[in-house]
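Asker: turn this into a model:
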Amino acid sequence: MSNSDAPIIIKKIKKGGHGHHGGAWKVAYADFVTAMMALFIVLWIMAQGKEVQDSVAKYFKNPMGLGQGPKIIEGNKAIVSDPNLIEEVRAIEEKEAAEKKLKEMSDEIKKELEQTPEFEQIASFVKMEMTNEGLRIELLDSSKINDIFFEIGTAKLNLKAQHLLEKIGAELSKMPNGIVIEGHTDARPFSNGGQGYTNYELSADRANGARRALQYGGLAETQIREIRGYADKKLKNPSDPNDLVNRRISIIVKYPGAK
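Answerer: Residues are numbered from 1 along each chain as shown. Below you'll find the predicted structure:
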């Protein structure tokens, strides 16, 4: 067969794999990353305090600054241009740091009391909580143990209560915070008809008795801000004015700088 008679063969080549799709996927990916970033920013803002949220809101209302909102958000702190907001943010940060230290001290006191055999019976009657003034440490009376802190009707501390307050005083002396001591009684009146020695004197005397024990443990006299005797005017259990839980000593460890 001559070359001219050879059959003509046509090959059709099919392209395999993925063809070229252009740059559309890049745009979709960029949109996805932007959406994720926006989500994380929203979640971060929701986790912040009201002051930071307000600062961010003011920024978006006035992004050029003009003395109103934050210029940038750096880490977990708002950098603000308004002097008033700067002071507010600084005060919040200082209070949060002070609250953290007070909570750490509270945990340390609880640990000390729980690990001291002498306080095994009475440690559960020492309650601690954070308030607007600072850390409140309360020594609550109980019907389960007679004269748990003070001898009945007197301002004389029993020996265990004296040692317990000395231990607390040693811990309080490690911080410069101001201290307020309150005495409270139940509503049971003295038999003198309110003439002479009353629950007012008793509550104030018990607060002073606690003060002396705290100072004996190491609390500086300069840390004492107030001694308050409330009698039965601030009951722990208002529904039962004669409840023994109303008899208590409150030690308030104030925030730094608080009057």
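
Asker: from here on, just use CA atoms for contacts and neighbour counts.
Answerer: Noted.

Asker: avg pLDDT for the helix or strand hosting Leu102?
Answerer: Take DSSP states H and E as the rule and Leu102 turns out to sit in helix 83-115. Mean pLDDT, helix 83-115: 85.

Asker: dump whatever helix or strand comes next after that helix to CSV, keeping only the CA atoms.
Answerer: Per DSSP H and E, helix 83-115 leads on to strand 126-130 as the next helix or strand towards the C-terminus. The C-alpha trace of strand 126-130 is given here as CSV (Å, rounded to 0.1, in the frame of the first residue of the first chain):
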residue,chain,number,x,y,z
VAL,A,126,-16.6,32.7,108.9
LYS,A,127,-18.1,34.0,105.7
MET,A,128,-16.5,36.1,103.0
GLU,A,129,-17.9,38.0,100.0
MET,A,130,-17.1,40.8,97.7
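
Asker: report the angle between strand 126-130 and helix 83-115.
Answerer: Strand 126-130 and helix 83-115 are oriented at 160 degrees to each other (axes from the mean of the first three to the mean of the last three C-alpha atoms, to 10 degrees).

Asker: for strand 126-130, which strands pair with it and how are they oriented?
Answerer: Counting by DSSP bridges, the strands paired with strand 126-130 are strand 134-140 (antiparallel).

Asker: what does the following helix or strand past the strand it pairs with contact?
Answerer: Counting by DSSP H and E, the next helix or strand C-terminal to strand 134-140 is helix 159-172. For helix 159-172, contacts defined as C-alpha atoms under 8 Å, 6 or more residues apart in numbering pick out 105, 109, 113, 118-119, 148-150, 210, 213-219, 253.

Asker: for the stretch 151-259 of the chain, just list every one of the strands.
Answerer: Taking DSSP state E, counting those that start in this stretch, the strands of the stretch 151-259 of the chain run over residues 179-184, 224-229, 248-254.

Asker: now do the second one: which elements does it pack against?
Answerer: Looking back up the chat, that one is strand 224-229. Here strand 224-229 touches strand 179-184, helix 199-216, going by 3 or more C-alpha pairs under 8 Å, 6 or more residues apart in numbering; DSSP states H and E.

Asker: quick check, Trp25 in a strand?
Answerer: No: checked against DSSP: H, G, I helix; E, B strand; the rest coil, Trp25 lies outside a strand; its state is helix.
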